[in-house]
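1. Here's a sequence, model it:
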Amino acid sequence: MTKLSVNINKIATLRNSRGGNVPDLLKVAKDVQNFGAEGITIHPRPDERHIRYQDARDLKPVVFTEYNIEGNPVKKFMDLILEVKPTQVTLVPDADNAITSNAGWNTIKHKDFLVEIIEECKRNSIRTSIFVDPDVKMIEGAKLTGADRIELYTEAFAHEYFLGNRKGIDDYVKVALIANDLNLGINAGHDLSLDNIRFFKENIPNLLEVSIGHALISESLYLGIENVVNMYLQKLK
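-> Just a heads-up that it's a prediction; the model follows:
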């Protein structure tokens, strides 16, 4: 079964919009794990517009499943990672002003930088994953960095699926097979939803984990978060 890691950034966005502590980020993290989610994901950005760096620290004793922290490995981010020591760090090449993640790494161009970051994470027993587009060369490049896993950037798939084009999965299947051959673990995330998650999971061999936030929280407004978490778990079996 593919693991579900719930990205709780949107909970922090809602909290920050009014100040105070409603909704309670830590309680939500506890609850979604109790509802069955196998991980918690956060993605702190330099401006702390949703997840704050202190949230990452406060969540550490609360997360009893897997703790995944995503972000651009600038010095401030890496200092946080080495302090908190999550289960997994997902390296994402975000620009400071990015609304959301919008591209994977060029693992060839940035190989030396990624090698240095990944070696430091491994010295601290933190599993590493690199956010990548479904491009064969980028997957092969990810292997050369020493990363444990890749996270496939799935926006293109989700867009084509919404348009009714099931062939949008083809590039993802191709690179997944290569990742399997290279002994790279496969994660995935971005615009995955209740509508498309089963099709994606059924077509990607050895998909280990999906990280879902925006769609899951949005769906929960109508269906309730406990119900939605369990709907995802059923589709990921």
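2. Contacts for the host helix or strand of Met138, please.
-> Using DSSP states H and E, Met138 maps to helix 136-145. For helix 136-145, contacts defined as CB atoms under 8 Å, 6 or more residues apart in numbering pick out 104-108, 111, 114-115, 118, 130, 132, 150, 174-175, 178-179, 182, 184. Just so you know, the C-beta spots here come from the backbone N, C-alpha and C atoms, and that holds for glycine as well.
3. In it, which residues are buried?
-> The neighbour-count check on helix 136-145 (16 or more other CB atoms under 10 Å) flags 138-143, 145 as buried.
4. same for the one helix or strand Ala188 maps to, what does it pack against?
-> According to DSSP H and E, Ala188 maps onto strand 185-189. Packed against strand 185-189 by the contact rule (3 or more CB pairs under 8 Å, 6 or more residues apart in numbering; DSSP states H and E) you find strand 149-153, helix 170-181, strand 207-212.
5. Could you list the residues in contact with it?
-> Against strand 185-189 from outside (CB under 8 Å, 6+ apart): 7, 41, 90, 129, 148-154, 172, 176, 179-180, 200, 204, 206-212.
6. what does the model give the residue nearest the centre of the chain for pLDDT?
-> For the chain, the residue nearest the mean C-alpha position is Ser211 (4.1 Å; CA atoms, centre = their mean). Looking at Ser211, its pLDDT is 98.
7. ok, now the one 4 residues further on?
-> Reported pLDDT at Ala215 in the predicted model: 97.
8. Pretty sure it sits in a helix.
-> Yes: assessed with DSSP: H, G, I helix; E, B strand; the rest coil, Ala215 lies in a helix.
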